[in-house]
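Asks: My questions concern the predicted model and sequence given below.
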Amino acid sequence: MIASGQLLRELQPIKPFCERTKFNGMTYGVGPAGYDVRIDQNLTLIPGDFSLASTMEEFDMPDTLLGIVHDKSTWARLGLAVQNTVIEPGWKGFLTLELTNHGKNLIRIEKGTPIAQIIFHFTDRPVEHPYDGKYQHQARGPQPAILER
């Protein structure tokens, strides 16, 4: 089951939690069935470029909620892809996004601009083992991959 905007208002798995707001011609905050997050830094991507970015929002996922990161359609139409990342039940921290410019033009993104949409799905019951991995309590700012041996 996908969480509605009304239920997201009750749960508030994101802080700060914002109502639907416009910035630079795009919306962020709670929507009918998801939540649009903002980028926490200025970013310029040339065609073919890849970069990590951080959200301004901090997550505190309940043990019954899983989030999936999706593109915003305006950015996708310009060639910007946000890799589909899973936000596990129990995960806490600032989200690092993986961005790729597949377009033919330079893309400039201003800090605070809406960058991705999160769709929240409910598990059928609280998970037995909520997330407690290497990215738990991830700090604000883009965080590199942690390779374990």
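Replies: Noted; the coordinates are in hand. Residues are numbered from 1 along each chain as shown.
Asks: Show me what the longest helix along the chain packs onto, helices and strands only.
Replies: As assigned by DSSP state H, the longest helix anywhere in the chain is helix 5-11. With contacts taken as 3 or more C-beta pairs under 8 Å, 6 or more residues apart in numbering; DSSP states H and E, helix 5-11 sits against strand 26-31, strand 34-38. Bear in mind the C-beta positions are built from the backbone N, C-alpha and C, glycine included.
Asks: most tightly surrounded among those strands?
Replies: Most buried of those by mean neighbour count (mean count of other C-beta atoms under 10 Å) is strand 34-38; its value is a mean of 23.
Asks: Sheet-wise, list the partners of that strand with their directions.
Replies: With DSSP bridges as the test, strand 34-38 is paired with strand 26-31 (antiparallel), strand 114-122 (antiparallel).
Asks: Which one of those strands lies nearest to residue 55?
Replies: Closest to residue 55 of the strands paired with strand 34-38, according to C-beta to C-beta: strand 114-122, at 7.4 Å.
Asks: mind listing what's buried in that closest one?
Replies: Under the neighbour-count criterion of 16 or more other C-beta atoms under 10 Å, strand 114-122 has 114, 115, 116, 117, 118, 120 buried.
Asks: got the contact list for the last one?
Replies: When the contact criterion is C-beta atoms under 8 Å, 6 or more residues apart in numbering, the partners of residue 120 are 2, 3, 8, 13, 34, 35, 65, 66, 67.
Asks: Can you tell me which of these are buried?
Replies: Judged by 16+ other C-beta under 10 Å, buried ones among the contacts of residue 120: 3, 8, 13, 34, 35, 65, 66, 67.
Asks: what sits up against the next helix or strand after the longest helix of the chain?
Replies: As assigned by DSSP states H and E, the chain's next helix or strand after helix 5-11 is strand 14-15. For strand 14-15, the external contacting residues (C-beta under 8 Å, 6+ apart) are 8, 35, 37, 57, 58, 59, 60, 118.
Asks: hmm, which two among those are most spread apart?
Replies: Most distant of the contacts of strand 14-15, by C-beta to C-beta, are 8 and 58, 14.9 Å apart.
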